[in-house]
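Colleague: Build me a model:
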Amino acid sequence: MLARSLVRALAGLTALVLVAACGVQPGPSAAGPGSSIAGPCSAHPAAEGGCSLTVGLGYIPSVQFAPFYLAQQNGYYAQEGLTVTFQNKIDPDLVTLVGQGSIDIGVADGTSVIPAVSQGIPIKYVATIYGTYPSIVFAKKASGIATAADLKGKKIGIPGRYGSSWIMLQALLGSANLSPDDVTIVEYPDFGQGVAVQQGAVDAATGFANNEPVQLEATGTPAVVLHVDQVVALPGPGLITGTKLLDTNTDAVARFVSATLRAMDEIAGDPAKGLDAAIAAVPELASGRDTQLRILQATIATWAPPGSTSGGGSPTFGAIDRSGWQASVEFMAKLGLVPTPVTVDRLVQDVGIPPAG
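Modeller: Sure thing, here's the model as predicted:
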């Protein structure tokens with residue numbers, strides 16, 4: 001019962017971002033060339049040639065998955081000897097399926113990984129996608145809210161007292177010596193807190209840096225965004241895989257990570273390439289091209305940690321902040337979300353990430 005409630009309580013950052021941002025229904029899986037030839041990677045070590053990987057992305061196909069679409073379409077996975085098939089699943093399902101080995105690699109929130117591993121699910125986080133934690137508090141700039149301290153006495157909209165947004169909000173309030181008792185929490189189970197901010201029903205709300213503030217500013221209303229990264233470096237969504245696959249074929253996982261990071265670097269240099277790749281994979285996105293480009297640009301801004309750059313800077317995309325993970329484990333333990341002690345070495349493993357600099 002504890003495992004079930006924790007997984008439900010930490011329900012998917014990725015799923016929430018995508019459901020709110022895009023509204024595109026799940027499409028068919030996209031398999032790379034040669035899928036009828038390549039065998040499973042667990043049965044085909046790198047020395048024996050190509051292998052196939054099933055990769056789980058978030059529930060809704062989205063412009064935020066542009067690196068995976070671009071790497072597939074430009075043949076980066078194929079160049080690494082990989083045949084990749086995408087599936088769309090919600091975050092809690094991905095954690096379970098990757099742990100079972102039904103899916104080889106998945107995109108999952110780091111704050112879901114910590115309690116899952118604590119409960120014995122055999123997964124590891126192998127590369128960071130969101131270096132800046134995307135879960136945020138936002139408000140209209142005209143609200144006068146500029147810091148966490150300004151939230152005292154305000155109405156804050158949130159989907160519910162669970163998940164990454166609830167963890168983030170508690171950390172943000174705590175940084176100003178506040179608690180949820182110092183604000184009025186208004187729950188929006190239908191994820192309508194963004195609209196509530198627009199309509200003035202609440203003063204601020206939780207959301208994602210590449211979604212609600214973008215939507216608010218698209219209406220011509222300037223937004224203010226409060227990030228949690230300077231309070232505690234909560235690990236955002238990244239790539240996870242099962243420990244069994246890591247044990248049997250680390251190289252295949254490393255090659256997948258390397259190809260994906262290559263696409264991220266390319267898109268960061270030219271976002272239009274990512275948008276075109278996303279539209280090719282999800283044609284429905286073309287109807288809102290300008291909005292999708294703004295969402296992608298906001299997404300790119302979250303790929304590297306605050307103040308860092310990729311390519312000429314440090315750290316590169318994908319790097320894992322182990323000290324941040326340790327701080328997150330300690331913080332989540334205080335919230336009662338880590339049922340048994342877990343070390344960072346059990347949670348993360350650097351795979352296929354090029355040296356910083």
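Colleague: and stretch 294-309, average pLDDT?
Modeller: Mean pLDDT, stretch 294-309: 84.
Colleague: Same check on stretch 219-232?
Modeller: In the prediction, stretch 219-232 has an average pLDDT of 92.
Colleague: what's the first-to-last distance across that stretch?
Modeller: From its first residue to its last, stretch 219-232 covers 32 Å (Cα to Cα, to the nearest Å).
Colleague: List the buried residues for that stretch?
Modeller: Ala223, Val224, Leu226, His227, Val228, Asp229, Val231, Val232 (16 or more other Cβ atoms under 10 Å). The way it works is simple: take the backbone N, C-alpha and C, and place the C-beta from them, glycine included.
Colleague: JSON lines for those, including distance to Ala171?
Modeller: Shown next, in JSON lines, are the buried residues of stretch 219-232 (distance: Cβ to Cβ, whole Å):
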{"residue": "Ala223", "distance to Ala171": "21"}
{"residue": "Val224", "distance to Ala171": "18"}
{"residue": "Leu226", "distance to Ala171": "11"}
{"residue": "His227", "distance to Ala171": "11"}
{"residue": "Val228", "distance to Ala171": "5"}
{"residue": "Asp229", "distance to Ala171": "10"}
{"residue": "Val231", "distance to Ala171": "5"}
{"residue": "Val232", "distance to Ala171": "5"}
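Colleague: List just the nearest of these to Gly192.
Modeller: The shortest gap between Gly192 and any of the buried residues of stretch 219-232 belongs to Ala223, at 16.8 Å (Cβ to Cβ).
Colleague: phi, psi of that closest one?
Modeller: Note on Ala223: its backbone torsions stand at phi -120, psi 150 [degrees, to the nearest 10].
Colleague: shouldn't it be in contact with Ala209?
Modeller: No: between Ala223 and Ala209 there is no contact under Cβ atoms under 8 Å: 10.3 Å.
Colleague: Identify the residues contacting stretch 250-257?
Modeller: 41, 44-46, 51, 53, 55, 77, 80-82, 84, 104-105, 126-127, 239, 241, 245-246, 318, 351-353 (Cβ atoms under 8 Å, 6 or more residues apart in numbering).
Colleague: That one: how far from the chain's middle?
Modeller: Its chain's C-alpha centre and that of stretch 250-257 lie 19 Å apart, by Cα atoms, centre = their mean, to the nearest Å.
Colleague: ok, now which ones touch the closest residue to Leu53 other than its chain neighbours?
Modeller: Counting by Cβ to Cβ, 6 or more residues apart in numbering, Asp104 is the residue found nearest to Leu53 once chain neighbours are left out, at 4.5 Å. Asp104 is in contact with Pro40, Cys41, Leu53, Thr54, Val55, Val98, Thr241, Gly242, Leu245, Val253, counting by Cβ under 8 Å, 6+ apart.
Colleague: Out of the residues you listed, which sit inside helices?
Modeller: Judged by DSSP state H, helices contain the following of the contacts of Asp104: Val98, Leu245, Val253.
Colleague: which of those residues tops the neighbour count?
Modeller: Highest neighbour count within the ones in helices among the contacts of Asp104, by other Cβ atoms under 10 Å: Val98, with 31 neighbours.
Colleague: Show the contacting residues for it.
Modeller: Gly56, Asp104, Ile105, Gly106, Ala108, Ile123, Ile240, Thr241, Gly242.
Colleague: Show the model's pLDDT score for the fourth one.
Modeller: At Gly106, the model reports a pLDDT of 95.
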